[in-house]
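S.K.: No letters, just coordinates:
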């Protein structure tokens with residue numbers, strides 16, 4: 001599902017892309033020609049493969065590519081590169097290694113044809129979730145590596161040259177917790193900021209830690225004042241029966257000290273996956289919200305939130321109108337919720 005909104009959150013158009021299998025959209029970018037490149041995942045012969053879709057400015061498909069390495073491959077992040085092509089990161093796995101994954105870095109040209117690919121191997125479970133091109137035309141990758149099958153992982157930071165050859169790598173965290181890196185950004189001082197599931201980490205240009213905070217998140221971006229905006233989720237026990245979570249939005253200063261925190265959500269699970277500062281110095285957040293489709297099963301809708309520079313309150317009335325759609329999408333109501341906290345506006349949009 002690809003949705004285009006105007007600056008007030010009204011839907012301008014939406015498109016569906018189907019390959020006849022379970023398909024998932026992972027990442028979208030606007031391209032230099034005002035079209036869009038969509039990084040997706042599809043199944044071919046019962047194995048996962050990267051599905052790359054290029055559209056025009058109205059969401060009409062211009063071309064598509066199916067990319068893989070070994071038996072099973074998936075991409076989580078795509079970025080446009082200085083030469084007009086794209087860099088993709090995720091994971092790949094051979095058929096005969098159950099629960100064994102390697103970090104995968106794939107470079108394609110502007111038409112989606114592979115130029116090269118690299119794998120970064122460690123024992124057991126390793127994945128990458130975010131990649132950025134660096135000022136020297138190399139790449140910085142963040143993800144996680146699990147040295148055992150005990151369910152714990154470290155943040156794994158990898159720096160490569162322009163062809164994906166490793167220049168250095170670093171790990172953060174300890175093996176007693178699950179602490180995968182979810183997002184990385186280049187900072188104005190030439191270093192990096194990493195959003196991990198348990199930690200927010202600032203490094204210098206060589207990956208040496210400058211500071212870290214116990215702030216778990218899914219996405220981080222540097223703001224115009226040199227601080228950071230972070231989104232993810234806050235977990236808590238609901239009625240002492242099951243672990244619930246709400247979407248959280250945190251603003252920090254340049255040293256990672258919290259300036260304010262906002263938490264939004266209902267009685268089911270909600271989370272933020274991406275945040276970006278907007279031209280008016282507010283923030284746009286994309287995530288999901290759950291609703292009881294058929295108790296005790298919950299289903300998820302896309303949730304888009306626009307705030308001002310400093311949201312006024314943690315509280316708002318969230319409408320929940322469950323309108324299932326038919327055909328092959330009968331398990332999803334495909335609703336987009338928009339909330340402008342500082343303008344006291346709550347809007348629910350249904351896709352039909």
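M.R.: Sure thing, it's come through. Fair warning: this is a prediction, and the values are worked out from it, not measured in the lab.

S.K.: ok, residue 9 touching residue 302?
M.R.: No. Using C-beta atoms under 8 Å, residue 9 is not in contact with residue 302; the gap is 11.4 Å. (Each C-beta comes from the backbone N, C-alpha and C, glycine too.)

S.K.: could you list every residue that touches residue 34?
M.R.: For residue 34, the contacting residues are residue 57, by C-beta atoms under 8 Å, 6 or more residues apart in numbering.

S.K.: Ranking helices and strands of this structure by mean pLDDT, which lands last?
M.R.: strand 335-340 (a mean of 38; mean pLDDT, DSSP states H and E).

S.K.: any idea how far the residue nearest the centre of the chain lies from residue 210?
M.R.: In the chain, the centroid-proximal residue (C-alpha atoms, centre = their mean) is residue 273; its distance is 5.3 Å. In this view, residue 273 and residue 210 are 26 Å apart by C-beta to C-beta, to the nearest Å.

S.K.: Repeat that for residue 267.
M.R.: 40 Å.

S.K.: so which strand or helix has residue 110?
M.R.: Assigned by DSSP states H and E, residue 110 belongs to no helix or strand.

S.K.: Let me fix that, I meant to ask about residue 261.
M.R.: strand 258-264.

S.K.: Pairing partners for that strand, with directions?
M.R.: strand 242-252 (antiparallel) (DSSP bridges).

S.K.: list the buried ones in the partner strand?
M.R.: 244-252 (16 or more other C-beta atoms under 10 Å).

S.K.: Just the mean pLDDT for it, thanks.
M.R.: Across strand 242-252, pLDDT averages out at 88.

S.K.: returning to that earlier point: for the buried residues of strand 242-252, give me CSV that also has distance to residue 217.
M.R.: Conversion of these to CSV gives the following (distance: C-beta to C-beta, whole Å):
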residue, distance to residue 217
244, 18
245, 13
246, 13
247, 11
248, 8
249, 10
250, 7
251, 12
252, 10
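
S.K.: residues making contact with the helix or strand where the residue nearest to the centre of the chain lies?
M.R.: Using DSSP H and E, residue 273 sits in strand 270-277. Outside strand 270-277, the residues that touch it by C-beta under 8 Å, 6+ apart are 218-221, 223-224, 229-233, 245-249, 264, 283-290, 303, 305.

S.K.: just the buried members of the residues you listed?
M.R.: In the contacts of strand 270-277, the ones that pass as buried (16+ other C-beta under 10 Å) are 218-221, 223, 229-233, 245-249, 264, 283-290, 303, 305.

S.K.: rewinding a little: quick check: angle from the strand holding residue 261 to strand 270-277?
M.R.: 130 degrees (axes from the mean of the first three to the mean of the last three C-alpha atoms, to 10 degrees).

S.K.: Residue 182 and residue 57: what is the separation?
M.R.: From residue 182 to residue 57 the distance is 29 Å (C-beta to C-beta).

S.K.: of the two, who's got more company?
M.R.: residue 182 (23 against 13; other C-beta atoms under 10 Å).

S.K.: That one reaches residue 230, doesn't it?
M.R.: No. Here residue 182 does not reach residue 230: they are 10.6 Å apart, not a contact under C-beta under 8 Å.

S.K.: list residues touching both of those two?
M.R.: 195, 217, 219.

S.K.: Least confident of these?
M.R.: residue 217 (94).

S.K.: Could you give the number of residues near that one?
M.R.: 25.

S.K.: Low-confidence ranges, the stretch 201-350 of the chain, go.
M.R.: 237-242, 292-298, 313-350 (pLDDT under 70).

S.K.: please redo it, this time with the cut-off set to 90
M.R.: 234-245, 264-269, 288-302, 310-350 (pLDDT under 90).

S.K.: where do the strands sit along it?
M.R.: Ranges of strands in the stretch 201-350 of the chain, per DSSP state E, counting those that start in this stretch, are 209-213, 219-222, 228-238, 242-252, 258-264, 270-277, 283-294, 297-307, 335-340, 345-350.

S.K.: measure residue 258 to residue 245 for me?
M.R.: Taken as C-beta to C-beta, the span from residue 258 to residue 245 is 19 Å.

S.K.: Kindly report the same for residue 33.
M.R.: Counting by C-beta to C-beta - residue 33 and residue 245 are separated by 39 Å.

S.K.: again with residue 166
M.R.: Counting by C-beta to C-beta - residue 166 and residue 245 are separated by 35 Å.

S.K.: How about residue 207?
M.R.: From residue 207 to residue 245 the distance is 30 Å (C-beta to C-beta).

S.K.: isn't residue 134 right up against residue 186?
M.R.: Yes. If you go by C-beta under 8 Å, residue 134 and residue 186 touch, sitting 6.9 Å apart.

S.K.: Now list whatever residues contact both of these two.
M.R.: residue 140.
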